[in-house]
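1. Make a model of this:
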Amino acid sequence: MTTTPRAAGFHMPAEWTPHAGCYMAWPVREALWGDGIEAARDAYAAVASAISRFEPLTMLVCPDLMANARERLPASVKVEEMSQDDSWARDFLPTFLVDGAGKVAGADWQFNCWGKKFPDYAEDAKVAERLLDRLGARRFAAPFVLEGGAIHVDGEGTILTSEECLLHPNRNPGLSKAEIEAHLKEWLGGDTVLWLGQGYEDDDTDGHIDEIACFAAPGKVLINDCQDPADINYARFQDNIRRLELAKDAKGRQIEIIRLPQPTLRTHDGVRLTLSYTNFYIANGGVVMSAFDDPADAKAKDIIARCFPDREIVQLPALAITRGGGGIHCITQQLPKGEIAR
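-> Residues are numbered from 1 along each chain as shown. Just a heads-up that it's a prediction; the model follows:
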């Protein structure tokens, strides 16, 4: 029988707890980025540079792109070879876990490329195991499909996710909602799962939670809000807000809901972009978040600054990243501070 992280005393910590560092993966899939791949690389480099001001950052890079990455990245960013198919570190790197003694291990989710959106993902499916082996860290191999962007935790037993993604038939068609919820509790060390409904229209991830909502603190959730009743996202986001209004977390608290504005609708190649201000990275002493050259940028930054008053807010142009189907949270993965569990 597989030993779960919970059984071994591990859980996923909140993203605002101290980090030993951060990992990213260098853009490689030309079929995804097309003529925007160089702009994406520049944007990834800017995010890496910003995060490296606050904590160590390691960029995982395909062997044939090492020179390309090293040339664009500042000396403060470490570059390591890693064969991969894509560049969404949140989803195919391990989700790092900690135990009560401060030891760090990793959950290795089964990765099927967001429901087989691309046929070639064999290398991405091996990255988590390879990285944990490189670190010498204990690996918990999950018996189900999951991506890191589909989950968020408060570090006190509450897990936030979405039905659109986790119940989608392209992920775990043989599992019921109750079975998936039980898996989440065992593998993330949680006690309560808060289920939101749907994410953005045309979201390639099928409703990843990091595009919809995230914890700002225990009992406090930042969530995307749409104020235009004619927008298809209006009903979706209002439903998500209603669900949170009725919810209680693992400690029995009502959820404090903080609404973030939805940026102006934009499309790329005829597809709506998932422009989300919840898709940010919390670093040691800082928050690195997106700007979309939108009137709502300043308001969103102010809201997030009030949620994290002890951190510097760094807002970076992110349209080049979003055109690939995600945001700053999607391209990063934090390594919690602690001793590696062997």
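2. Contacts only, for residue 222.
-> 213-216, 258, 260, 277-278, 303-304, 307 (CB atoms under 8 Å, 6 or more residues apart in numbering). From N, CA and C alone the C-beta is placed, and that goes for glycine too.
3. Let's see the pLDDT reported for it.
-> In the prediction, the pLDDT value recorded for residue 222 is 98.
4. before we move on, the earlier item: can you say which of the contacts of residue 222 are buried?
-> Buried members of those, scored by 16 or more other CB atoms under 10 Å, are 213-216, 258, 260, 277-278, 303-304, 307.
5. Point out the ones among these that are inside helices.
-> When these are checked against helices using DSSP state H, the ones located there are 303-304, 307.
6. ok, those vs residue 316, which is closest?
-> In terms of CB to CB, no member of these lies closer to residue 316 than residue 304, at 13.0 Å.
7. how close does that closest one get to residue 181?
-> 29 Å (CB to CB, to the nearest Å).
8. likewise residue 189?
-> 14 Å.
9. Just want to know which of these two has more residues nearby.
-> More neighbours surround residue 189 than the other of residue 189 and residue 181, with 25 against 18 (other CB atoms under 10 Å).
10. Break down the chain into its helices, ranges please.
-> Going by DSSP H, the chain shows helices at 30-33, 37-51, 66-72, 89-92, 113-116, 124-135, 163-166, 177-188, 232-246, 297-307, 319-322.
11. Need these in a markdown table (columns: distance to residue 3).
-> Compiled in a markdown table, those are given as follows (distance: least, CB to CB, whole Å):
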| stretch | distance to residue 3 |
| --- | --- |
| helix 30-33 | 36 |
| helix 37-51 | 33 |
| helix 66-72 | 37 |
| helix 89-92 | 23 |
| helix 113-116 | 27 |
| helix 124-135 | 15 |
| helix 163-166 | 23 |
| helix 177-188 | 10 |
| helix 232-246 | 33 |
| helix 297-307 | 36 |
| helix 319-322 | 37 |
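12. Would you tell me which of the ones you listed gets closest to residue 200?
-> For the helices of the chain, proximity to residue 200 was assessed by CB to CB; helix 232-246 is nearest, at 6.0 Å.
13. now for the closest one, which elements pack on it?
-> When contacts are defined as 3 or more CB pairs under 8 Å, 6 or more residues apart in numbering; DSSP states H and E, helix 232-246 packs onto strand 192-196, strand 220-225, strand 256-261.
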